[in-house]
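Asker: fold the following for me, if possible:
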Amino acid sequence: MVSWQNLINNVSLPVDWVSVREVKETATYLSFRDALPQKIGQRHHWGIMVEVLAKGHYGYSSTNQVTADGFSKALQGAYSQAIGGSAWKIHHFSPRPPHQGHYDSGIAMPKADLGEICARLTAVCHALKVGEQIVKTNAFAHLVTTTSHFVSSNGADISQNFGFIVTDFAATAQSGTIVQRRGDHGLMAQCRQGGWEVLWQADLLDRAAQIGREALELLEAPECPDMATTLVLAPDQMLLQIHESVGHPLELDRVLGDERNYAGSSFLRPSDFGNYQYGSELMNITFAPDVPGEFASYSYDDCGQPAQKEYLIKAGKLLRGLGGYDSQARTGIAGVANMRSCSWNRPPIDRMANINLEPGDKTLAELIGGIEEGVYMESNRSWSIDDYRRKFQFGCEYGKMIKDGKFTHTVRNPNYRGITTEFWHNLVGVSNTVEYYGSPYCGKGEPNQAIRVGHGSPYCVFDRVEVFS
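Answerer: Reported below is the predicted structural model:
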């Protein structure tokens with residue numbers, strides 16, 4: 001076993017600071033279609049990222065040679081990059097503060113026989129097949145276990161252990177030219193820190209059968225009407241609403257323009273932080289890395305800074321950005337510990353983690369009971385939003401009409417559109433319960449990094465929203 005601290009202590013290059021982040025990851029994935037295996041496999045990743053600060057500029061280099069020789073070569077590469085870029089730097093950086101600590105998902109990770117897992121996913125496919133009009137069933141599970149170790153020349157020493165589980169179940173129904181897909185709260189939204197135990201939840205097969213029945217229900221449902229009305233969004237759709245119209249605009253590297261070439265920019269300006277009224281007083285958004293079991297919980301980000309819960313938006317007012325230590329130094333804007341990377345071969349950049357909407361004080365029944373006319377939507381199936389995160393259009397899998405405080409009939413192909421801050425200013429109701437979902441594939445960065453994010457949300461009511469089919 002290599003002692004990274006000893007190697008760092010003996011670096012002879014004229015550097016201001018050095019860090020090593022070692023990451024070891026095992027991913028197991030199983031995919032079934034119509035109760036037949038499509039893809040079963042396992043991947044292993046193991047490597048280090050060496051980061052150097054020289055002449056006030058950072059350089060990075062990674063290797064899968066987890067040895068003293070591998071470190072030496074990566075160190076030289078990172079140093080050369082730092083020196084080469086220092087003449088063009090836009091900010092003079094200082095070494096990041098050192099911290100020590102440990103994080104563990106804290107959830108039992110029971111071992112499961114591969115045959116048992118395959119049998120369980122096969123049973124899910126059978127449960128989804130509730131009628132002849134179900135023309136396709138899918139069941140997917142993906143387990144990732146990760147260990148990371150971060151050390152630096154000024155004394156950082158952080159280890160973190162994670163277990164991530166993602167499941168996705170879906171039924172596709174067809175009647176003539178009408179085709180409807182109904183999933184388990186949206187594509188791969190069932191994400192959490194944990195293990196195979198989620199496949200043995202007591203309601204799993206009943207949930208799969210309900211998915212199948214709702215797919216058939218959508219075949220007979222009328223199209224969602226075109227109207228401006230009250231919109232109620234379920235937590236599994238609020239996942240995308242928060243992610244796209246709050247999370248990404250608040251990322252400080254977007255505000256700085258770093259991501260404009262690929263992932264886009266933001267309608268926000270640096271002067272907006274601490275001043276801008278983003279939404280109604282019911283809008284309370286937190287960066288929450290401390291929620292047990294939520295998909296992107298952690299104690300330290302990938303540049304070694306401690307993470308804690310912070311209000312990003314409180315009573316509708318924008319307080320701080322989603323920017324890590326480096327972006328905070330560049331902008332002078334309050335941020336959070338969210339410099340994260342997707343693997344050992346990528347440097348950390350500003351990323352969302354757990355971005356949650358805090359609960360209100362009414363039950364869902366009370367919220368629905370106060371609506372004269374409206375539409376309820378759940379489970380995202382499509383999204384479109386401009387590069388500045390101002391205008392958006394989202395589509396959902398399943399909808400219901402609301403009349404005189406009650407749900408009436410189901411509608412298919414429900415969609416809605418809006419302008420970010422106008423939409424959030426029209427937030428008029430928030431339920432008192434929170435559900436947690438997430439995504440394993442939030443893309444950003446060049447080269448691309450697909451990273452895990454979590455989103456918790458109550459049911460939400462918005463006034464004067466354009467809905468359509």
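
Asker: shouldn't residue 184 be in contact with residue 191?
Answerer: No: contact status for residue 184 versus residue 191: not in contact, 11.0 Å apart, counting by Cβ atoms under 8 Å. To be clear about C-beta, it is placed using only N, CA and C from the backbone, and glycine gets the same treatment.

Asker: which residues do those two both contact?
Answerer: Counting by Cβ atoms under 8 Å, 6 or more residues apart in numbering, residue 184 and residue 191 have no contacts in common.

Asker: low-confidence ranges, the chain, go.
Answerer: 107-110 (pLDDT under 70).

Asker: in the stretch 51-200 of the chain, which spans are strands?
Answerer: For the stretch 51-200 of the chain, applying DSSP state E, counting those that start in this stretch gives strands covering 57-63, 100-104, 134-152, 157-175, 178-183, 190-193.

Asker: among these, which is nearest residue 273?
Answerer: strand 57-63 (23.9 Å; Cβ to Cβ).

Asker: counting contacts, what elements does the closest one pack onto?
Answerer: strand 36-54, helix 68-86 (3 or more Cβ pairs under 8 Å, 6 or more residues apart in numbering; DSSP states H and E).

Asker: run the chain-centre distance for that strand.
Answerer: Here strand 57-63 shows a centroid-to-chain-centroid distance of 26 Å under the convention Cα atoms, centre = their mean, to the nearest Å.

Asker: repeat that for stretch 202-218.
Answerer: 25 Å.

Asker: before we move on, what about stretch 344-364?
Answerer: Per Cα atoms, centre = their mean, the centroid offset for stretch 344-364 relative to its chain is 7 Å.

Asker: ditto for stretch 111-129
Answerer: Centre-to-centre, stretch 111-129 and its host chain are 26 Å apart (Cα atoms, centre = their mean).

Asker: any buried residues in that stretch, and which?
Answerer: Across stretch 111-129, burial judged by 16 or more other Cβ atoms under 10 Å covers 112, 117-118, 120-129.

Asker: which pair in those residues spans the largest distance?
Answerer: 112 and 129 (23.7 Å).

Asker: ok, residue 217 touching residue 410?
Answerer: Yes: using Cβ under 8 Å, residue 217 is in contact with residue 410, at 5.5 Å.

Asker: could you pull up phi and psi at the closest residue to residue 92 other than its chain neighbours?
Answerer: Leaving aside its chain neighbours, residue 92 sits nearest to residue 56 (3.7 Å; criterion: Cβ to Cβ, 6 or more residues apart in numbering). Backbone geometry at residue 56, expressed as degrees, to the nearest 10, gives phi 70, psi 10.

Asker: can you tell me how far residue 56 is from residue 419?
Answerer: The spacing between residue 56 and residue 419, counted by Cβ to Cβ, to the nearest Å, is 41 Å.

Asker: give me the neighbour count for residue 436.
Answerer: When neighbours are counted by other Cβ atoms under 10 Å, residue 436 registers 22.

Asker: same thing with the one 5 residues further on?
Answerer: Using other Cβ under 10 Å, residue 441 has 12 other residues around it.

Asker: helices of this protein, start to end?
Answerer: For the chain, applying DSSP state H gives helices covering 4-9, 68-86, 114-128, 204-220, 235-242, 252-256, 325-331, 364-369, 420-425.

Asker: in TSV: those helices, plus distance to residue 96.
Answerer: Converted to TSV, those look like this (distance: least, Cβ to Cβ, whole Å):
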stretch	distance to residue 96
helix 4-9	14
helix 68-86	14
helix 114-128	41
helix 204-220	44
helix 235-242	29
helix 252-256	16
helix 325-331	5
helix 364-369	44
helix 420-425	32
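
Asker: give the closest residue to residue 433 in space, chain neighbours not counted.
Answerer: Nearest one to residue 433, counting by Cβ to Cβ, 6+ apart, is residue 458 at 6.0 Å.

Asker: now do residue 230
Answerer: residue 374 (3.4 Å).

Asker: shouldn't that neighbour be in contact with residue 400?
Answerer: No: with contact defined as Cβ under 8 Å, residue 374 does not reach residue 400; the gap is 9.5 Å.

Asker: give me the more crowded residue out of the two.
Answerer: Set side by side, residue 374 and residue 400 show more neighbours around residue 374, with 23 against 20, by other Cβ under 10 Å.

Asker: residue contacts, that one?
Answerer: 229-232, 401-402, 461.

Asker: show me these that map onto strands.
Answerer: Using DSSP state E, the subset of these located in strands is 229-232, 401-402, 461.

Asker: buried subset of these as a ChimeraX selection?
Answerer: Here is the ChimeraX command that picks out the buried ones among these, judged by 16+ other Cβ under 10 Å:
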select :229,230,231,232,401,402,461
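
Asker: the nearest residue to residue 303 once chain neighbours are set aside bridge partners, please.
Answerer: Nearest in space to residue 303, with sequence neighbours left out and distances taken as Cβ to Cβ, 6+ apart, is residue 339 at 4.4 Å. Counting by DSSP bridges, residue 339 is bridged to residue 350.

Asker: surely residue 339 meets residue 329?
Answerer: No: the pair residue 339 / residue 329 is not scored as a contact, 11.4 Å apart, by Cβ under 8 Å.

Asker: more neighbours: those two, which one.
Answerer: residue 339 (24 against 15).

Asker: in contact with residue 335, which residues?
Answerer: Residue 335 neighbours (Cβ under 8 Å, 6+ apart): 252, 320-325, 327-328, 350.

Asker: domain-wise, how is this protein divided?
Answerer: Domain segmentation of the chain under automatic domain parsing yields 4-220, 227-468.

Asker: give the contact list for residue 239.
Answerer: By Cβ under 8 Å, 6+ apart, residue 239 lies in contact with 186, 189, 380, 437-439, 455, 457.

Asker: ok, residue 195 touching residue 162?
Answerer: No: here residue 195 lies out of contact with residue 162, judged by Cβ under 8 Å, at a distance of 10.9 Å.

Asker: neighbours of residue 14, how many?
Answerer: Residues lying near residue 14 (other Cβ under 10 Å) number 9.

Asker: bridged to the residue nearest to it when sequence neighbours are not counted, which residues?
Answerer: Excluding the flanking residues, the one nearest residue 14 by Cβ to Cβ, 6+ apart is residue 54, at 7.0 Å. Beta bridges link residue 54 to residue 57 when assigned by DSSP bridges.

Asker: distance of residue 54 from residue 329?
Answerer: 17 Å.
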